[in-house]
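Student: fold the stuff below for me.
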Amino acid sequence: MDLRIFGPVSLAVTLAFSISGCSFVGDSLWPSLTGSAPDEPPQRQVIQASTGEQLQSPTIGPGLPAAPPPALGTTNFQPTFSQPAQPTGTFVGQKISQLRGELIGLQRNIGGRNQQLQQIRSITAQNAQRYHGTVAAVQARLQLGTTPGNPVLINQWNEAQGDLDRLAGDIAAMNSLANLVATDSSLSSFILESVRATYGLSGAIDEDHRQLAILEDETNQTVVLIDRLLNELSEDVSRQTAYVGNERRNLTTLSLAIKNGELLGTSIVNRAYASAAPLSSSPPVSSTRSFASQNRRPLVVIRFDRADPPYQRALYTAVSQVVEQRPNAQFDLVAVTPNQGTPADVALNSSKAKKQAESVLRSLTEMGLPPNRVSLSSMTSPSANTNEVHIYMR
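Tutor: Reported below is the predicted structural model:
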């Protein structure tokens, strides 16, 4: 489907649904491309405004669904404390009493770690709820429409940033707790080995061995409990770390939306790149290869026939739809200069077009697209009447 937007600013967006194979371009900055624009410009079909767009009062669709925070573990790791036994009066009995005391001390430590874990989980849930409430308020205001750079939304964005920082602090607390539990795990293994070694001591009676068997079972139960605690802590830390990283990228995109006064959506990278397969090591395409010879149609064409054209929403829509279908897609961002006027005019326009392309690249980065997936280049075109920026998909 091709989409062309008419108005004060001429902006053409082509949404590609049939995507060819990918090749990978080097990271050199602003390579000069020979050749001119394709002989036959891409044909664009004009899509008439919908009924809702023709209304004087625009209709507002449902808000973007907020991704819920990852679920934390729910296990309550409360140990069952070892019960003291009657002394037997033997050396082995004294050793058993000593080991049982060490095990009870370890179990008390685990009980304290469990209380810390439940407290951290409660605080994390509260911070996540407050963060999502703040972000939802900002998105709702942007969807209804607001002024660019609204200071109220900026303050709310700062509050959301603070909530996210607190969530990162919760992850640090989980990591510290995991280190303490790892120490307890080493101690539990030592106690278990000591209990098993006590079987080989001479001078024991049958009651000593009976108590040793009970102590071994209790130690084994504690070892299993600690292992489960460590595993669940590790899963919580892993999920929360990925979640906070994704939300930081979403906040960057939300900051761009506040600056423009219009709602965009979640970070582009969070849509698909998080689960994308690794890139293949394809050889780079020569930077001197002309776009005319490739006969590629641009995904987006932005015409800078006046200052600050509002291209962000259309650009976000086009790129995000491509990313959803082809997670590993890379993009060529080409600054196009009209090949008209004196050489000095062409050079001046070329410098201006490059700055405009760099501005588009910053917008893509703020939307969440990794910079290493976009290459910059420039060319002149006899068919262009003003500076343009073309975005191609590789």
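Student: need the contact list for the residue lying closest to Gly73 once chain neighbours are set aside.
Tutor: Leaving aside its sequence neighbours, Gly73 sits nearest to Glu232 (C-beta to C-beta, 6 or more residues apart in numbering; 4.0 Å). (Glycine included, C-beta is placed from N, CA and C.) Residues in contact with Glu232, defined by C-beta atoms under 8 Å, 6 or more residues apart in numbering, are 73, 75, 77.
Student: nearest to Gln143 among the residues you listed?
Tutor: Gly73 (34.7 Å; C-beta to C-beta).
Student: residue contacts, the closest one?
Tutor: Gly73 touches 121, 232-233, 235-236, counting by C-beta under 8 Å, 6+ apart.
Student: repeat that with 7 Å
Tutor: Counting by C-beta atoms under 7 Å, 6 or more residues apart in numbering, Gly73 touches 232, 235-236.
Student: in JSON lines, list the residues you listed along with pLDDT, secondary structure and distance to Glu358.
Tutor: As requested, the contacts of Gly73 are exported to JSON lines (pLDDT from 0 to 100; DSSP: H, G, I helix; E, B strand; the rest coil; distance: C-beta to C-beta, whole Å):
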{"residue": "Glu232", "pLDDT": "89", "secondary structure": "helix", "distance to Glu358": "47"}
{"residue": "Glu235", "pLDDT": "86", "secondary structure": "helix", "distance to Glu358": "42"}
{"residue": "Asp236", "pLDDT": "88", "secondary structure": "helix", "distance to Glu358": "41"}
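Student: which of those residues sits closest to Thr198?
Tutor: Glu232 (31.6 Å).
Student: three-state assignment of the spatially most central residue of the chain?
Tutor: Nearest to the centroid of the C-alpha atoms of the chain, with distances taken as C-alpha atoms, centre = their mean, sits Asn246, at 2.4 Å. Asn246 falls in the helix class when you classify it by DSSP: H, G, I helix; E, B strand; the rest coil.
Student: what of Ile391?
Tutor: Ile391 ends up strand, using three-state DSSP.
Student: could you verify my assumption that it touches Arg297?
Tutor: No - using C-beta atoms under 7 Å, Ile391 is not in contact with Arg297, being 10.9 Å away.
Student: neighbour count: the two, which is higher?
Tutor: Ranked by neighbour count (other C-beta atoms under 10 Å), Ile391 and Arg297 place Ile391 first, with 24 against 17.
Student: okay, the nearest residue to that one once chain neighbours are set aside: pLDDT?
Tutor: Excluding the flanking residues, the one nearest Ile391 by C-beta to C-beta, 6+ apart is Val300, at 4.1 Å. At Val300, the model reports a pLDDT of 89.
Student: do Glu218 as well
Tutor: pLDDT recorded at Glu218 is 92.
Student: ok, Gly93 next?
Tutor: Taking Gly93 on its own, its pLDDT is 89.
Student: how far off centre is stretch 232-252?
Tutor: Relative to the centre of its chain, stretch 232-252 is centred 8 Å away, using C-alpha atoms, centre = their mean, to the nearest Å.
Student: that older thread, which of the contacts of Gly73 sits closest to Arg326?
Tutor: Taking the contacts of Gly73 together and measuring to Arg326 by C-beta to C-beta, the closest member is Glu235, at 30.7 Å.
Student: what residues are up against that closest one?
Tutor: With C-beta under 7 Å, 6+ apart, Glu235 has these contacts: Gly73.
Student: over to Gly111?
Tutor: 78-79.
Student: re earlier: got a pLDDT number for the residue nearest to the centre of the chain?
Tutor: 85.
Student: next: the one 3 residues further on.
Tutor: Arg249 carries a pLDDT score of 85 in this model.
Student: next, count neighbours for it.
Tutor: 21.
Student: where are the low-confidence patches of the protein?
Tutor: For the chain, applying pLDDT under 70 flags the ranges 1-68, 265, 267-295.
Student: can you show me the strands along it?
Tutor: 2-5, 11-14, 24-25, 284-285, 300-303, 331-338, 374-381, 388-393 (DSSP state E).
Student: from Leu251, how far off is Leu299?
Tutor: Applying C-beta to C-beta, to the nearest Å, the value for Leu299 to Leu251 is 26 Å.
Student: if we can go back for a sec, may I see the contacts of Glu232 arranged in CSV, with distance to Ala182 as well?
Tutor: Output for the contacts of Glu232, formatted as CSV (distance: C-beta to C-beta, whole Å):
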residue, distance to Ala182
Gly73, 17
Thr75, 18
Phe77, 14
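Student: for those, which one is nearest Ser375?
Tutor: Gly73 (43.2 Å).
Student: can you give me the buried ones in stretch 114-125?
Tutor: 114, 117-118, 120-121, 124 (16 or more other C-beta atoms under 10 Å).
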